[in-house]
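Asker: no sequence for this one, just the structure:
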């Protein structure tokens, strides 16, 4: 199918179709899974922003973090090599 044909595509709902929501589709009649779904269901949009990104690292803070990660990796590799002997 060519891309230009997709641009003209108009989706239609077949006669007799029934709308299913995701909660109904994956519904489990009882048990912990059902209780979890009921407790975590979204009832309305949140009144606050989703999250705030932390400020970017400064060059020195980023370098310190990368150095720390490298030291930790080297330490783990040393432990693994000592454990294999």
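Answerer: Ah, there it is. Every value quoted in this text rests on a predicted model; they were computed, and no experiment measured them.
Asker: could you check how far the residue nearest the centre of the chain is from residue 40?
Answerer: Using CA atoms, centre = their mean, the residue of the chain that lies closest to the mean C-alpha position is residue 50, 13.6 Å off. For residue 50, the distance to residue 40 equals 16 Å [CB to CB, to the nearest Å]. C-beta coordinates here come from the backbone N, C-alpha and C atoms, glycine included.
Asker: which SSE is immediately downstream of the helix or strand of the chain with the lowest mean pLDDT?
Answerer: Here the helix or strand of the chain ranked lowest by mean pLDDT, DSSP states H and E is helix 22-25, holding a mean of 65. For helix 22-25, the following helix or strand on the C-terminal side (DSSP states H and E) is helix 32-40.
Asker: how about low-confidence regions in this protein?
Answerer: 1, 22-29 (pLDDT under 70).
Asker: residue farthest from the centroid of it?
Answerer: Taking CA atoms, centre = their mean, the residue of the chain most remote from its mean C-alpha position is residue 85, at 40.3 Å.
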